[in-house]
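> curious how this folds, go ahead:
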Amino acid sequence: MNNIQIDDPASAKKSSILVVEDVPDERVGLCRLLEHSGFSVRSAADGLEALQQVRSESFDLLLVDVGLPRMSGLEMLSRLPDRSRPKVLVITADHTARTVLEALREHAEKCIEKPVEPKQLLQVVKTAMESPPIAGKIRVLSADPRFVELSFPCDPQVAGCITDYLSEIEADLPANVRQPAELAFREMLMNAIEWGGHLDRSSDVQVTVLRTEALLLYRIADPGTGFDPSKLEHAAVNYPPDDPISHTEVREKSGLRPGGFGILLARSLVDELIYNEAHNEVVLVKFLKPPRAA
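Model (predicted):
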């Protein structure tokens, strides 16, 4: 088994993990895997026992199953004290869209589907340990898989967490539909955060995702006042198709990083891209079925 060791475990205080799992063999296996990788590990067999331990001890990370006796994993997370709240990874065989969204609502950094390869799990744990808490900055306004609504700061790291979660709940879509839609969404979300929100972490961007039998729709609303599309000299979208790189000279003279293809790329990946009048909200549509003829 390949182990991922924490840095210099002999000289540094071991990071502490509470494993919450009701199946004895799985609980023992997870504990051994994490202990062999240099972590200090405790365990609990149900949600109530885990909650009692968290209230009496300090942990850096909780690894929590969902289907637990006496108190479910998600209910246990909803009762965690806000002060000194540990980071959370949810691990579950019930990897439905609703469970994934409820895990996000309860501030889980990631929802992992069982079964998971030991090496992959250790990498997720190590990344969570080394990264700043992210999920707690996200407000889940609607966790209905057909109508997801989120609000979060204009922070690229938080946006990355959002795209990861949305990718998980859309995993049942065909790759030729899901992948271009996700790429277009990611491009326009980063555009909204950088240009509309000016990377101001005190301002929020809102995302709505609608899913029907016929289409997948993303709405992104940034906190900015919008823009005049005719003045986007730094963007490829305002140049003729046979001259798509003229904007690079404008970007270079203005000291902007290379790029400017975001809107043009997004338009090529979805079926509809529509801005509101102020251009501080955008809607992306990817049809899952051919639209009905008028």
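
> hmm, A184 is touching L284, no?
Yes - if you go by Cβ atoms under 8 Å, A184 and L284 touch, sitting 5.5 Å apart. Every residue, glycine included, has its C-beta placed from N, CA and C.

> anything in contact with each of these two?
Here A184 and L284 have 218, 266, 270, 273 as joint contacts, going by Cβ atoms under 8 Å, 6 or more residues apart in numbering.

> what residues of stretch 72-79 count as buried?
Neighbour-count burial for stretch 72-79 flags 72-77 (criterion: 16 or more other Cβ atoms under 10 Å).

> also stretch 119-138?
For stretch 119-138, a neighbour-count test (16+ other Cβ under 10 Å) marks 121-122, 124-126, 128, 134-135, 137-138 as buried.

> what do you get for stretch 144-162?
Going by neighbour count (16+ other Cβ under 10 Å), the buried part of stretch 144-162 is 145, 148-150, 152-155, 158-159, 161-162.

> what are the ranges of the strands in the protein?
Assigned by DSSP state E, the strands in the chain fall at 16-20, 40-44, 61-64, 87-92, 110-113, 139-144, 147-153, 204-211, 215-221, 272-275, 281-287.

> with mean pLDDT and distance to F227 added, can I get the ones you listed in a markdown table?
Converted to a markdown table, these look like this (pLDDT from 0 to 100; distance: least, Cβ to Cβ, whole Å):
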| stretch | mean pLDDT | distance to F227 |
| --- | --- | --- |
| strand 16-20 | 97 | 46 |
| strand 40-44 | 97 | 51 |
| strand 61-64 | 97 | 41 |
| strand 87-92 | 96 | 37 |
| strand 110-113 | 94 | 34 |
| strand 139-144 | 96 | 26 |
| strand 147-153 | 97 | 21 |
| strand 204-211 | 97 | 15 |
| strand 215-221 | 98 | 14 |
| strand 272-275 | 96 | 9 |
| strand 281-287 | 97 | 11 |
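
> could you dump the ones you listed into a markdown table with distance to L166 added?
Compiled in a markdown table, those are given as follows (distance: least, Cβ to Cβ, whole Å):
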| stretch | distance to L166 |
| --- | --- |
| strand 16-20 | 26 |
| strand 40-44 | 31 |
| strand 61-64 | 21 |
| strand 87-92 | 16 |
| strand 110-113 | 12 |
| strand 139-144 | 12 |
| strand 147-153 | 8 |
| strand 204-211 | 6 |
| strand 215-221 | 9 |
| strand 272-275 | 17 |
| strand 281-287 | 12 |
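
> tell me which of those sits nearest to L173.
Smallest distance to L173 across these (Cβ to Cβ): 7.2 Å, for strand 215-221.

> relative orientation of the closest one and strand 147-153 in degrees?
With axes from the mean of the first three to the mean of the last three Cα atoms, to 10 degrees as the basis, strand 215-221 and strand 147-153 are set at 30 degrees to each other.
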